[in-house]
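In: build me a model:
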Amino acid sequence: MAQDYSFDVVSKIDMEEVLNAVNQATREMSQRFDFKGSKSSIALNRKEREITVVGDDDMRRRNVLEILLGRLAKREVPLKGLVYGDIEATFSGTVTQRIKVQSGLSTEQCKEIVKIIKELKLKVKTSIQDAQVRVAGSKKDDLQSVIEALRGADLSFHLSFDNYR
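Out: Below you'll find the predicted structure:
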């Protein structure tokens, strides 16, 4: 009797690590001389999974973003999991940018993953379930080959693997 093994391809980012990175970046900005008296700030909306970066001008916004990305990288938050919004000028003279923290995979992203897996021509079954892709097969080696191929693929979004059984 053949036993099926499976795993899920998901996109999960730990919001606690994002919160810690935002707090560290805010602390660093409060201690830096070039941000004294500045309206620059970073805010995290955990419910919406959105980071708001505010700068006095575009250069300050880029500096704030650079600090934030450095802190996120040190906390091992995948930077591919960030979706950058448009840069907006506000009435108060500041520049704002919203950054969405990826949560789950879209249908198009799931289809792209399934296409990559099918091109491998391995004996595995794929199924799209909500915001994840379930990959099942009778050989663990085939599943490990799929994981290796997906890690090696140059995708524009973050992937992680869950429930490997």
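
In: helix, strand, or coil at Gln97?
Out: strand (DSSP: H, G, I helix; E, B strand; the rest coil).

In: pretty sure Ile42 is touching Val22, no?
Out: Yes. Taking Cβ atoms under 8 Å as the definition, Ile42 is a contact partner of Val22 at 5.4 Å. In short, each C-beta sits where N, CA and C put it, glycine included.

In: what residues are shared contacts of these two?
Out: Counting by Cβ atoms under 8 Å, 6 or more residues apart in numbering, the contacts common to Ile42 and Val22 are 51, 68.

In: what separation is there between the residue lying closest to Leu122 once chain neighbours are set aside and Ala131?
Out: Once flanking residues are discounted, Leu122 sits nearest to Asp142: 4.5 Å by Cβ to Cβ, 6 or more residues apart in numbering. For Asp142, the distance to Ala131 (Cβ to Cβ, to the nearest Å) stands at 24 Å.

In: and whichever strand or helix holds Arg151, average pLDDT?
Out: Under the criterion of DSSP states H and E, Arg151 resides in helix 140-152. Confidence for helix 140-152, expressed as mean pLDDT, is 89.

In: show me the contact partners of it.
Out: Outside helix 140-152, the residues that reach it (Cβ under 8 Å, 6+ apart) are 5-7, 9, 113, 116-117, 120, 122-124, 135, 137, 159, 161, 164.

In: measure Leu143 to Cys110 for me?
Out: Distance of Leu143 to Cys110, computed by Cβ to Cβ: 17 Å.

In: next: Val10.
Out: Taking Cβ to Cβ, one finds Val10 at 10 Å from Cys110.

In: over to Arg151?
Out: From Arg151 to Cys110 the distance is 17 Å (Cβ to Cβ).

In: so which of these two has more stuff around it?
Out: Cys110 (20 against 10; other Cβ atoms under 10 Å).

In: next, that one: secondary structure please.
Out: Cys110 - assigned by three-state DSSP - is helix.

In: what's the closest non-adjacent residue to it?
Out: Distance criterion Cβ to Cβ, 6+ apart; nearest residue to Cys110, sequence neighbours excluded, is Ile128 at 4.5 Å.

In: what is the burial count for the one you found?
Out: Ile128: 16 neighbours (other Cβ under 10 Å).
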